[in-house]
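Enquirer: Quick one, what's the 3D model for this:
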Amino acid sequence: MTDEIPQWKETLGLADDSTRVQIICKEQHRDEWTKEADEKGYSSRSSYLYELIEEARAYRKDGFLGWEHAQERIEELKSEIEQLEDELDEEKEANKSPLNNSGTVKRHLSENYKRLNEIVEQFLQEENLELVLRPAIEDTLYTLAGEDEVEYQRGHGWRLTERGEG
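Expert: Numbers count the residues shown, from 1 in each chain. Predicted coordinates:
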């Protein structure tokens, strides 16, 4: 066995333990990789690809890469989303406004007929009406803020945005 360094290693200035690996790819990919390597300041396309491969191997080792893993994770997330939506629906039902509650409305009725304005007046006179209205109004304000139709400023309160005015 000879200790002579092959000419290609010597010409490229590579270490003794370096070797070559051939990659077969489309010309388009080769050109893209060359451009990316240049843009990112790599000395060669080869060093760029080597780093990408090692990076991908590390991700795969930690379970972050691979089509099967991605599909499993997607299914896990879909299941989690469904569970959270169910919990949200349950929470909404549990916190349903007393104004939509038939028991609360029936409490203001009797065997005698009452006009709607009389029923509304009784609601307005209730002490806990703020407890009923405040959460509903707050929820609506936060929903509108999420849609950029209203905005809040500490010390000033709420107002319409340009988007909310139209």
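Enquirer: check contacts around residue 30.
Expert: residue 45 (Cβ atoms under 8 Å, 6 or more residues apart in numbering). For glycine as for every other residue, the C-beta is placed from the backbone atoms N, C-alpha and C.
Enquirer: now it: how far from residue 20?
Expert: 16 Å (Cβ to Cβ, to the nearest Å).
Enquirer: Quickly note the distance from residue 44 to residue 10.
Expert: 16 Å.
Enquirer: just residue 16 next, same as before
Expert: 10 Å.
Enquirer: With residue 130 instead?
Expert: In terms of Cβ to Cβ, residue 130 sits 86 Å off from residue 10.
Enquirer: cool, and residue 138?
Expert: 75 Å.
Enquirer: ok, now residue 122?
Expert: From residue 122 to residue 10 the distance is 98 Å (Cβ to Cβ).
Enquirer: between the two, which one's more packed in?
Expert: residue 122 (14 against 10; other Cβ atoms under 10 Å).
Enquirer: Work out for me the element the residue lying closest to the more buried one once chain neighbours are set aside sits within.
Expert: Once flanking residues are discounted, residue 122 sits nearest to residue 108: 4.7 Å by Cβ to Cβ, 6 or more residues apart in numbering. Under the criterion DSSP states H and E, no helix or strand holds residue 108.
Enquirer: Surely residue 108 touches residue 114?
Expert: Yes: between residue 108 and residue 114 there is a contact under Cβ atoms under 8 Å: 7.4 Å.
Enquirer: Just read off the phi/psi values of residue 18.
Expert: phi -80, psi 150 (degrees, to the nearest 10).
Enquirer: For it, give its distance to residue 55.
Expert: From residue 18 to residue 55 the distance is 19 Å (Cβ to Cβ).
Enquirer: And the next helix or strand past the worst-scoring helix or strand of the chain on mean pLDDT?
Expert: Least confident helix or strand of the chain, by mean pLDDT, DSSP states H and E, is helix 102-106 with a mean of 73. Using DSSP H and E, the helix or strand that follows helix 102-106 towards the C-terminus is helix 116-125.
Enquirer: so who does the residue nearest to residue 122 touch?
Expert: With Cβ under 8 Å, 6+ apart, residue 108 has these contacts: 114, 119, 122, 123.
Enquirer: Can you tell me which of these is nearest residue 49?
Expert: Within the contacts of residue 108, distances to residue 49 taken as Cβ to Cβ reach their minimum at residue 123, with 71.9 Å.
Enquirer: To what extent is the closest one buried, counted in neighbours?
Expert: 16.
Enquirer: How much space separates it from residue 141?
Expert: When residue 123 is compared with residue 141 (using Cβ to Cβ), they lie 21 Å apart.
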